[in-house]
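K.L.:
I need the structure of the sequence given here:
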Amino acid sequence: MKSHLEIGRSGEEIAREFLKERGYRIVAMNFIAPIGHTRSGRILTGEIDLIAYDTSADPQILTFIEVKTRRREIFASPESAVDKRKRKKIIRTARVYRRILGLSDAPCRFDVVSIIAPDKQNIEIRLFKGFFEIGPRTELFNTQGLRI
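P.N.:
Presented below is the predicted three-dimensional model:
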């Protein structure tokens, strides 16, 4: 039986190939950056599973992708784990990435790849383009424009 870390890693590989087949050009995997400090002074880090350019978009767009993999969808869908707290962390990490590369003004999008893989033969993959976005004053909005 695979550990949750092994399931996550294999899901990221599945997602990477899936996205490449759909016109994404992967530029980074498992990007980790410091995004702040705790009250006790400990450094907080954030991670983005995949960073890519969606070349199928016109013009191509920088995309930050969170991959969620589960064996089964009993209690909730994998994408439901990308909650408000996780979204904020991804946005903060994406800001660091964009600042490092001088892309602060470049448009970007936040996608989620949801994978349900009970075994190697039965894999369900769903891509949610623009799963969430940065709104005015950095508030979080879902794709329907509702504040979350």
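K.L.:
Please count neighbours and contacts with C-alpha atoms only from this point.
P.N.:
OK.
K.L.:
and Ser10, how many neighbours?
P.N.:
Other residues near Ser10 number 15, with proximity taken as other C-alpha atoms under 10 Å.
K.L.:
phi, psi of it?
P.N.:
Here is the backbone geometry of Ser10 (degrees, to the nearest 10): phi -70, psi -30.
K.L.:
who does the residue nearest the centre of the chain bridge with?
P.N.:
Among the residues of the chain, the one closest to the centroid is Glu66, at 1.9 Å (C-alpha atoms, centre = their mean). Taking DSSP bridges as the rule, Glu66 bridges to Val112.
K.L.:
How about the contacts made by it?
P.N.:
Neighbour list for Glu66: 48-50, 110-113 [criterion: C-alpha atoms under 8 Å, 6 or more residues apart in numbering].
K.L.:
hmm, which helix or strand of this protein has the shakiest average pLDDT?
P.N.:
strand 140-142 (a mean of 49; mean pLDDT, DSSP states H and E).
K.L.:
circling back to that earlier point, which of the contacts of Glu66 lies closest to Arg71?
P.N.:
Nearest to Arg71 out of these is Val113 (C-alpha to C-alpha; 14.3 Å).
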